[in-house]
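>>> Starting from these lines, generate the structure:
(4 chains)
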Protein chains: 4
Amino acid sequence: MKAFGRRVWAIPEGYIPSGSVSDAHDLASHEAACFLNTGDREADITITLFFTDSDPVGPYRLKVGSKRTVHMRFNDLRDPAPVPRDTSYASLIESTEPVIVQHTRLDSRQPGMAMPSTVAYSEGE
Amino acid sequence: MKAFGRRVWAIPEGYIPSGSVSDAHDLASHEAACFLNTGDREADITITLFFTDSDPVGPYRLKVGSKRTVHMRFNDLRDPAPVPRDTSYASLIESTEPVIVQHTRLDSRQPGMAMPSTVAYSEGE
Amino acid sequence: MKAFGRRVWAIPEGYIPSGSVSDAHDLASHEAACFLNTGDREADITITLFFTDSDPVGPYRLKVGSKRTVHMRFNDLRDPAPVPRDTSYASLIESTEPVIVQHTRLDSRQPGMAMPSTVAYSEGE
Amino acid sequence: MKAFGRRVWAIPEGYIPSGSVSDAHDLASHEAACFLNTGDREADITITLFFTDSDPVGPYRLKVGSKRTVHMRFNDLRDPAPVPRDTSYASLIESTEPVIVQHTRLDSRQPGMAMPSTVAYSEGE
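Residues are numbered from 1 along each chain as shown, chains lettered A, B, ... in the order given. Prediction:
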């Protein structure tokens, strides 16, 4: 199948609150990037995090297999460093293969969950 | 009327929780893709679902008539297989005619509903 | 100032529930299209509504002045016919001048409001 | 690193309610624009606000450093004038360097927060 998508994506909004009304994994506050690789080759993904007052951190690395989706939580990133809580950040995503990226967020600091979602910004081939 | 839109769309984010605070059809947790076909010919839509650890499932087939909209719930897909609950998935949508696709989701696991929405990723003519 | 934007926009998702937990105008369930006209000429907007099982309804007409924004509620449309409640619809927006359109929705059927938002699909000049 | 993004962005939807269920800074109702500058030069950002019945207000000015993100709240804008509450507005964002802009909003008038998010409309180089 054709590899749909693009190789560069960006998500300017990022913020993981330290509090959550639920400890259940699926209901804990989190930020996620959902990747879809429709192509025949595995995609090597590199993520760089940007901050307000300090230098970028990265690269974080991730593989998305051929014809697979990965729903990655920024909360789970560990190497080279965990994502700081209660801190504004942004992310740049670069891939060796065309992929499609959607940003989603679950905020459960309050009992009524907020869950925004948007296809990320993309450019290039 | 001109057939606005594109023939290839993708929605990387997909997740149908098994629980819901309401059994009412309009308030049950669901994922939906809303299709608009402004053109003079019926559009044959093919949907392929992608998963994290297994091969794609599809094609699911759907028709969107000339000058009609269809708000399809992924929850209602049956053939070739229902969409597994509590499982991350992604979808690729291909159409014989240009259409426009918007992704929306209602999450009613908690009393305060979350309802993200985004125009899907598109490419091609 | 330059007239930024495009002349054709589409919002496949549309649904106005008949119920609401609040009667306050700003908290009642509604669907809105927000228009921005940055240019020097007034924009004449034409909206056509599409349905699942019946023919399109329209045109609805609206003007957005030079250097003005209009946040239009679909709930308030009257001519040629009000938008039916509890019914899926989609909208096509055509403008004589380039404009920018964002779709937003407030769903207050439950005490925790849901409020998705997305920049609409656009094409053409 | 390459300066990804574009120089012109628009957010047609804007509305800051005067009420909020929480006085905590991170939970107070707000509208935000998140900027990402991946490039090697500082970006000078100019924001113009548009209204329904009156002339545009601006320019508001903001700098986003090289390889930095700024999550700006419209609530915090002061010069040349604060953003009026309970009033519909729209914003046009122009930058000397390519940047990426995401619009997010927290509405905490009700206990279940609503938090829509969308990549803003962009055009030009």
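
>>> Could you list the residues in contact with the strand or helix carrying A:Gly58?
Using DSSP states H and E, A:Gly58 sits within strand A:57-64. Strand A:57-64 is contacted from outside by A:35-37, A:42-49, A:51, A:70, A:72, A:77, A:79-81, A:95, A:99, using C-beta atoms under 8 Å, 6 or more residues apart in numbering or on different chains. Just so you know, the C-beta spots here come from the backbone N, C-alpha and C atoms, and that holds for glycine as well.

>>> Please see if the very next helix or strand once past that strand touches chain B.
Per DSSP H and E, the first helix or strand lying C-terminal to strand A:57-64 is strand A:68-73. Yes: counting by C-beta under 8 Å from any C-beta of the partner chain, chain B has neighbours in strand A:68-73: A:Arg68, A:Thr69, A:Val70, A:His71.

>>> how deep is A:Gly14 tucked in, by neighbour count?
24 (other C-beta atoms under 10 Å in any protein chain shown).

>>> part of a helix, is it?
No: secondary structure of A:Gly14 (DSSP: H, G, I helix; E, B strand; the rest coil): coil, not part of a helix.

>>> Could you pull up the contacting residues of it?
A:Glu31, A:Leu49, A:Phe74, A:Val83, A:Ser88, A:Tyr89, A:Ala90, A:Ser91, D:Cys34, D:Thr69.

>>> now do 7 Å
A:Glu31, A:Phe74, A:Ser88, A:Tyr89, A:Ala90, A:Ser91 (C-beta atoms under 7 Å, 6 or more residues apart in numbering or on different chains).

>>> so where is chain A shaky, pLDDT-wise?
A:19-28, A:106-117, A:123-125 (pLDDT under 70).

>>> Can you check which strand is longest in it?
Identified as the longest strand of chain A according to DSSP state E is strand A:89-106.

>>> That strand near chain C anywhere?
No: applying C-beta under 7 Å from any C-beta of the partner chain, one finds strand A:89-106 separated from chain C by no less than 11.6 Å.

>>> Centre of the chain to that strand, how far?
Taking C-alpha atoms, centre = their mean, to the nearest Å, one finds the center of strand A:89-106 at 5 Å from the center of the full chain.

>>> is any part of it close to chain D?
Yes: using C-beta under 7 Å from any C-beta, strand A:89-106 reaches chain D at A:Tyr89, A:Ala90, A:Leu92.

>>> Identify the residue spatially nearest to the residue nearest the centre of chain A, adjacent ones excluded.
By C-alpha atoms, centre = their mean, chain A has its centre lying nearest to A:Ala33, at 2.9 Å. Counting by C-beta to C-beta, 6 or more residues apart in numbering or on different chains, A:Met72 is the residue found nearest to A:Ala33 once chain neighbours are left out, at 5.2 Å.

>>> hmm, back to that, my guess is the residue nearest to the centre of chain A meets A:His103, correct?
Yes: A:Ala33 lies in contact with A:His103 (C-beta atoms under 7 Å); the separation is 5.9 Å.

>>> Now for A:Ser66, how many residues are close by?
Neighbours of A:Ser66 using other C-beta under 10 Å come to 14.

>>> Please disregard the earlier target; I meant A:Thr46.
Neighbour tally, A:Thr46, other C-beta under 10 Å: 14.

>>> Show me the contact partners of the helix or strand encompassing it.
If you go by DSSP H and E, A:Thr46 is part of strand A:43-51. Outside strand A:43-51, the residues within contact range by C-beta under 7 Å, 6+ apart are A:35, A:37, A:56-64, A:83, A:87, A:89-97, A:99, D:36, D:67-69.

>>> Give me the sheet partners of that strand and which way each runs.
strand A:57-64 (antiparallel), strand A:89-106 (antiparallel) (DSSP bridges).

>>> mind putting these in CSV, mean neighbour count and distance to D:Val8 included?
Shown next, in CSV, are the strands paired with strand A:43-51 (neighbours: other C-beta atoms under 10 Å in any protein chain shown; distance: least, C-beta to C-beta, whole Å):
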stretch, mean neighbour count, distance to D:Val8
strand A:57-64, 17, 28
strand A:89-106, 24, 19
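
>>> want to throw the ones you listed into TSV with distance to D:Ser18?
Listed next are these as TSV, based on distance: least, C-beta to C-beta, whole Å:
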stretch	distance to D:Ser18
strand A:57-64	38
strand A:89-106	26
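
>>> What residues are bridge-paired with A:Phe51?
Beta-bridge partners recorded for A:Phe51 (DSSP bridges): A:Tyr89.
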